[in-house]
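> With the sequence up front, the predicted model follows.
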Amino acid sequence: MTQQVSPQAFALRGVSKAFRYFKLENLSLELPLGQILGLVGPNGAGKSTTIRLLMGLMTAETGSIEVLGHRVPEQVAAAKAGVAFVSDDMRLFSGATLAWHMRFVASIYPEWDEAYARTLLKHFNLRAEQGVKGLSRGEHIKSMLLLALARRPRLLILDEPTSGLDPVARHELLTELMQIVRDESRSILFSSHNTLDVERICDQIAFIDRGRLVDARDKESFLDRWRRISLDVPSGVTLPRLKDVVNLTLGEQLATLTTDRYEPALDAVLQASGARITDVQRMSLEEIFVASVMRSRAEVQS
Amino acid sequence: MHSAFVISQTDPRPLYQQVKDQLRHRIAVGALKPGDEIPSIRQLASDIRVSVITIKRAYLELELEGVIQTRQGRGSFVADNAQLGDSLKEQELTQHLRSALSAAALLHLTEDQLVERLRELRREDSQGRS
């Protein structure tokens, strides 16, 4: 891998961690400062394990981890001063109010922004005086997001942040996330299986499945490389053998070809064979994700 | 001016293309004039909730096409070219004609048939108005 000159929000290099039924294998992943990385994978793919390793909540068996320039787990306290983390399975103290939590977090983190916290209360439609016990699931998640955002972290890590939110709250959250990266030195790691959110706001995308990194690159080249090509194939015409074909479906005089290395020259190659291109479609991130995972699983099995 | 940007995830055009098309259109109709400042990449990204890398790509391509100029440390501006609005209108027309050509190819229309269809449409439109 080439050495990046730009500073990183975090870098995982050759990280492995084995459990009884699951193994994270040789994972290398970086996030440049000022960018949003979408970590996309099915349930049980290793998203939460990756995040726990970054947070120093568990220790890798091999490889190295750096967060905001600090080695983890050795310098995890220094790293964590700049990191805020919200996960779906975290819980606030049920005997206290949101206001109590706000005072508590403010007393620990000097960067706490009280004015911003008040604004977020309004945007998220929350009441500070409300007891945690009476919060709905969505309100609970919004409260944790408020506590994380108002710390003005250098790196914000969100594990499935939008899964418990209604569409209005999701809209508000995405707006707040985009506010964060107005500042070129702040970064966000965002694990999700909502590919629509990821496709919209992420700069970098990483696909992970069964503990392996399937693909990682910037979003624009991700979306640019994939195409689905529909073809009329008159009888007697044989399609040329092409590499980089992820999927080929042949029907009666019709074919659909999926590639992850599209370039316009491919059109000419196909047409020269006697086939006629009827459509060249870009693919959504969701379609690309499913195709990537299916291919990766087939490769592992063969 | 960017509050009126409409970015849709159900539009078949990629996001960066939608951003480009809308900026070009604003210039073509004169809502943005040569020399006008346009929002910074991060400002626009946050206002329309689209990733920074997507806006960066749109701006880079518009710059290569001579539509905007980015001055280091001073921001991005509509290119100082009085004919820019007209030339963008020209390009929009070319774009539409190109897609008409490829649709006609799918129907196996000859060039003359396509031109005749265009004339027919124009007649219908002028009758509709009178």
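Alright, I've got the coordinates.

> What distance do you get for the residue nearest to A:A81 when sequence neighbours are not counted to A:A150?
Nearest residue to A:A81, sequence neighbours excluded (C-beta to C-beta, 6 or more residues apart in numbering or on different chains): A:Y109, at 7.6 Å. For the C-beta atoms, the positions are set from N, CA and C on the backbone; glycine is no exception. Using C-beta to C-beta, to the nearest Å, A:Y109 is found at 9 Å from A:A150.

> Please identify which of these two sits among more neighbours.
A:A150 (24 against 17; other C-beta atoms under 10 Å in any protein chain shown).

> In space, what's closest to the more buried one - neighbours in sequence excluded?
A:A117 (3.8 Å).

> Any chance you could list what contacts the helix or strand containing that neighbour?
Assigned by DSSP states H and E, A:A117 belongs to helix A:114-123. With contact meaning C-beta atoms under 8 Å, 6 or more residues apart in numbering or on different chains, helix A:114-123 is reached by A:102, A:106, A:126-128, A:145-146, A:149-150, A:152, A:172, A:175-176.

> Output these in TSV; the columns should cover pLDDT, secondary structure and distance to A:A275.
Listed next are those as TSV, based on pLDDT from 0 to 100; DSSP: H, G, I helix; E, B strand; the rest coil; distance: C-beta to C-beta, whole Å:
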residue	pLDDT	secondary structure	distance to A:A275
A:M102	97	helix	63
A:A106	97	helix	65
A:L126	95	coil	58
A:R127	96	coil	63
A:A128	96	coil	65
A:L145	94	helix	51
A:L146	96	helix	56
A:L149	96	helix	53
A:A150	97	coil	58
A:R152	96	coil	56
A:E172	90	helix	49
A:T175	93	helix	46
A:E176	93	helix	49
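
> Buried among those? Make that a ChimeraX selection.
The ChimeraX selection below is limited to those of the contacts of helix A:114-123 classed as buried (16 or more other C-beta atoms under 10 Å in any protein chain shown):
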select /A:102,106,126,128,145,146,149,150,152,172,176
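
> list the helices and strands the helix-or-strand element of chain B with minimal mean pLDDT packs on?
Least confident helix or strand, chain B: helix B:84-106 with a mean of 84, by mean pLDDT, DSSP states H and E. Contact analysis of helix B:84-106 by 3 or more C-beta pairs under 8 Å, 6 or more residues apart in numbering or on different chains; DSSP states H and E lists helix B:15-28, helix B:111-129 as its packing neighbours.

> what about the ones you listed, which gets the closest to B:Q95?
Closest approach to B:Q95 among the helices and strands packed on helix B:84-106 is made by helix B:15-28 (9.1 Å; C-beta to C-beta).

> Which residue is it, in the stretch 51-200 of chain A, that comes closest to chain B?
A:M178 (4.2 Å; C-beta to the nearest C-beta).

> Give me the nearest residue to that residue, chain neighbours excluded.
A:M178 sits nearest to B:S46 (C-beta to C-beta, 6+ apart), 4.2 Å away.

> for that neighbour, what are its contacts?
With C-beta under 8 Å, 6+ apart, B:S46 has these contacts: A:M178, A:Q179, A:V181, A:R182.

> most centrally placed residue in chain B?
B:D21 (3.0 Å; C-alpha atoms, centre = their mean).

> For chain B, give me the ranges with low pLDDT.
Low-confidence segments of chain B, defined by pLDDT under 70: B:1-3, B:129-130.

> So it: which segments form each domain?
With automatic domain parsing as the criterion, the domains of chain B are listed as B:2-78, B:84-129.

> Out of these, flag the one nearest A:L231.
Per C-beta to C-beta, nearest to A:L231 of the domains of chain B: domain B:84-129, 13.6 Å.

> got the residues of chain B near chain A?
B:9, B:12, B:14-16, B:42-43, B:45-46, B:49-54, B:57, B:106 (C-beta under 8 Å from any C-beta of the partner chain).

> Where does pLDDT dip in the stretch 51-200 of chain A?
When residues are selected by pLDDT under 70, none of them lie in the stretch 51-200 of chain A.

> what about the longest helix in chain A?
When chain A is parsed with DSSP state H, its longest helix is helix A:285-301.

> and it, what does it pack onto?
Counting by 3+ C-beta pairs under 8 Å, 6+ apart, helix A:285-301 packs on helix A:195-201, strand A:204-209, strand A:212-218, helix A:219-225, strand A:245-251.

> Give me whichever of those is most buried.
strand A:204-209 (a mean of 24; mean count of other C-beta atoms under 10 Å in any protein chain shown).

> Can you give the strand pairings for that one, parallel or anti for each?
With DSSP bridges as the test, strand A:204-209 is paired with strand A:36-40 (parallel), strand A:212-218 (antiparallel).

> how about TSV for those strands, with distance to A:R276 added?
Shown next, in TSV, are the strands paired with strand A:204-209 (distance: least, C-beta to C-beta, whole Å):
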stretch	distance to A:R276
strand A:36-40	35
strand A:212-218	31
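
> Which among the ones you listed is found nearest to A:T195?
Closest to A:T195 of those is strand A:36-40 (C-beta to C-beta; 6.3 Å).

> what's the angle from the closest one to helix A:285-301?
50 degrees (axes from the mean of the first three to the mean of the last three C-alpha atoms, to 10 degrees).

> if we look at strand A:36-40, which residues are touching it?
A:29, A:31, A:47, A:50-51, A:177, A:181, A:187-193, A:195, A:197-198, A:201-208, A:219, A:285, A:289, B:51-52.

> ok, which residues in the stretch 1-150 of chain A are in contact with chain B?
Residues of the stretch 1-150 of chain A found near chain B (C-beta under 8 Å from any C-beta) are A:G34, A:Q35, A:I36.
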